[in-house]
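In: Starting from these lines, generate the structure:
(one chain, ligands or ions: 1)
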Amino acid sequence: MKITFFECKDYEKKRYCAELKEHTINCTSSILTAQTLKDYRDSEVISVFIRSTLDKKNLAQFPNLRLIVTRSTGFDHIDLEECQKRKVAVTNVPFYGENTVAEHAFALILSLSRNIHKSYVRTLKDDFTIEDLQGFDLKGKILGVIGTGHIGSHVIKMAKGFGMEVLAYDKYPDSLRADVLQFKYVPLEELLKESDIVTIHMTLTPETRHFINEESLRQMKKGAILVNTARGDIVDTDALYKALKDKHLGGAGLDVIEGEELIKEEHELLYKTGNPEKLRTLFQDKAIFKMDNVVFTPHNAFNSREAVNRIMDTTIENILSFCKGKIINQIK
Ligand code: NAI
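Out: Numbers count the residues shown, from 1 in each chain. The predicted structure is shown next:
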């Protein structure tokens, strides 16, 4: 098989080349775009991470393609309908980082609740004063969890360890899980109104784009904190910027943000295309990062040593199994 790995780091390349040595392997650090795919058009298997877009136009460039192996849980970067039409199977890594991403969500929450980010910057300046650094306890606070799948469930377990009360919202509630983990499903409006911290762990789909918007942010308690480690597009950046600027929100912990891909393409955007809508999002993202009640990490929640090893294990299993005629971890 001709297998091409896009967005591939050196440590990944080493392992994929060793464990898939019977195949023809290409590894490139490039994101899959209309330009970069040109050298790999004869690929039968393509593996991508989250920044490559496999839309109708790009898919049409791979006449021999039979399998897409995304090295992520999320698959919003792949046009599944078009893949189905083209009889291209799509697999993902369904379980590599439930605890990993949940731990990161708590890193963001604790950073904001105890002003860790502000303290760090202050001590770098040899300033050991504690004025304005007073935080708040998590114990006794209400955590609103949107999306109670693998990651959301881990977040709930951790929240219980901190002595928090948990309210949850999911399109497909799991009452057994609620009984076992001792949390309560409530309508979205109630979750937004009651929670001191709201954390997002739902899938990004066309239906959930801008799920958190001006109206939902207005429904949140004044001074509440919003945490997003799921996908940037779930939160309307315009509305988030306003809610933070107006101090309706007390803070935001973000591992993802709408338009995060633009930050990497900044030079091109500013000096070549000048696309006004994209530029606006980029400037708004930057304004959000500069707010002192915002903690931002660059889509890094997945990135623990253990999780990355699990991604590589599953990616190799997905490919080897396909080669033996059995598709595992297929997204339908
Ligand atoms: P999961 O599939 O186990 O859980 C997603 C939950 O969202 C499910 O319970 C589902 O019912 C719910 N959901 C779907 N549509 C909904 C809707 N319209 N309204 C309410 N709930 C809805 O996925 P998992 O493993 O928990 O991951 C969640 C998300 O986290 C992924 O989709 C991915 O985008 C993101 N993620 C981010 C990472 C990072 O590095 N920042 C790493 C891994 C995942």
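In: And the helices in the stretch 151-300 of the chain?
Out: Assigned by DSSP state H, counting those that start in this stretch, the stretch 151-300 of the chain shows helices spanning 175-181, 188-194, 214-219, 237-245, 260-264, 266-268, 276-289.
In: how about those, which one is nearest F49?
Out: Closest of the helices of the stretch 151-300 of the chain to F49 is helix 260-264, at 11.9 Å (criterion: CB to CB). Just so you know, the C-beta spots here come from the backbone N, C-alpha and C atoms, and that holds for glycine as well.
In: What residues sit buried inside that closest one?
Out: For helix 260-264, burial by neighbour count (16 or more other CB atoms under 10 Å) applies to E260, E261, L262.
In: Of those residues, which is the nearest to the ligand?
Out: Among the buried residues of helix 260-264, E260 lies closest to the ligand (CB to the nearest ligand atom), at 10.2 Å.
In: Quick one, grab the pLDDT at the closest one.
Out: Confidence at E260, expressed as pLDDT, is 90.
In: sorry, back to before: can you tell me which of the buried residues of helix 260-264 is closest to I109?
Out: Nearest to I109 among the buried residues of helix 260-264, with distances taken as CB to CB, is E260, at 20.1 Å.
In: Tell me the spatial nearest neighbour of that closest one, not counting adjacent residues.
Out: The spatial neighbour of E260 that comes closest, neighbours along the chain excluded (CB to CB, 6 or more residues apart in numbering), is G232 at 5.3 Å.
In: Which parts of stretch 205-218 count as buried, going by neighbours?
Out: By neighbour count with 16+ other CB under 10 Å, stretch 205-218 contains the buried residues T208, F211, I212, S216, L217.
In: I'd like the residues you listed as a markdown table, with pLDDT and distance to the ligand appended.
Out: Output for those, formatted as a markdown table (pLDDT from 0 to 100; distance: CB to the nearest ligand atom, whole Å):
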| residue | pLDDT | distance to the ligand |
| --- | --- | --- |
| T208 | 97 | 5 |
| F211 | 98 | 7 |
| I212 | 98 | 11 |
| S216 | 98 | 12 |
| L217 | 98 | 17 |
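In: Identify, from those, the entry nearest to K21.
Out: Out of the buried residues of stretch 205-218, the member with the shortest distance to K21 (by CB to CB) is T208, at 40.5 Å.
In: show me the contacts for the closest one.
Out: M202, I234 (CB atoms under 8 Å, 6 or more residues apart in numbering).
In: How many residues are close by the spatially closest residue to A159 that is not a sequence neighbour?
Out: Among residues not flanking A159 along the chain, L143 sits closest, at 4.6 Å (CB to CB, 6+ apart). When counting by other CB atoms under 10 Å, one arrives at 27 neighbours for L143.
In: likewise the one 5 residues further on?
Out: Look at T148: counted by other CB under 10 Å, it has 25 neighbours.
In: can I assume it is in contact with L176?
Out: No: taking contacts as CB atoms under 8 Å, T148 lies outside contact range of L176: 11.3 Å.
In: I'd like to know which residues of the stretch 151-300 of the chain are adjacent to the ligand.
Out: Taking CB under 6 Å from any ligand atom as the contact definition, the stretch 151-300 of the chain meets the ligand at 151-152, 170-172, 201-205, 207-208, 229-231, 255-256, 299.
In: Drop anything exposed from these.
Out: With burial judged by 16+ other CB under 10 Å, the buried subset of these is 151-152, 170, 201-204, 208, 229-231, 255-256, 299.
In: With the ligand as the reference, measure out to the residue nearest to L226 when sequence neighbours are not counted.
Out: Of all residues beyond its chain neighbours, the one nearest L226 is A252 (4.9 Å), with distances taken as CB to CB, 6+ apart. To the ligand, A252 is 15 Å away according to CB to the nearest ligand atom, to the nearest Å.
In: again, but for P187
Out: From P187 to the ligand the distance is 11 Å (CB to the nearest ligand atom).
In: Check D236 too.
Out: 15 Å.
In: And for the residue of the chain at minimum distance from the ligand, nearest residue in space, chain neighbours not counted?
Out: Closest approach between the chain and the ligand, counting by CB to the nearest ligand atom: G149, at 1.9 Å. Closest residue to G149 apart from its sequence neighbours, by CB to CB, 6+ apart: H201 at 6.6 Å.
In: didn't that neighbour look like it was pressed against R231?
Out: No: contact criterion CB under 8 Å: H201 and R231 do not qualify, at 10.2 Å.
In: Which of the buried residues of helix 260-264 lies at the shortest distance from K332?
Out: Comparing these against K332 with CB to CB places E261 closest, at 26.2 Å.
In: Quick one: residues contacting the closest one.
Out: Counting by CB under 8 Å, 6+ apart, E261 touches R51.
In: how close does P187 get to N58?
Out: 39 Å (CB to CB, to the nearest Å).
In: Which one of the two is surrounded by more residues?
Out: Neighbours were counted for P187 and for N58 using other CB under 10 Å; N58 has more, 19 against 10.
In: quick one: contacts for that one?
Out: Contacts of N58 (CB under 8 Å, 6+ apart): L32, T33, A34, L37.
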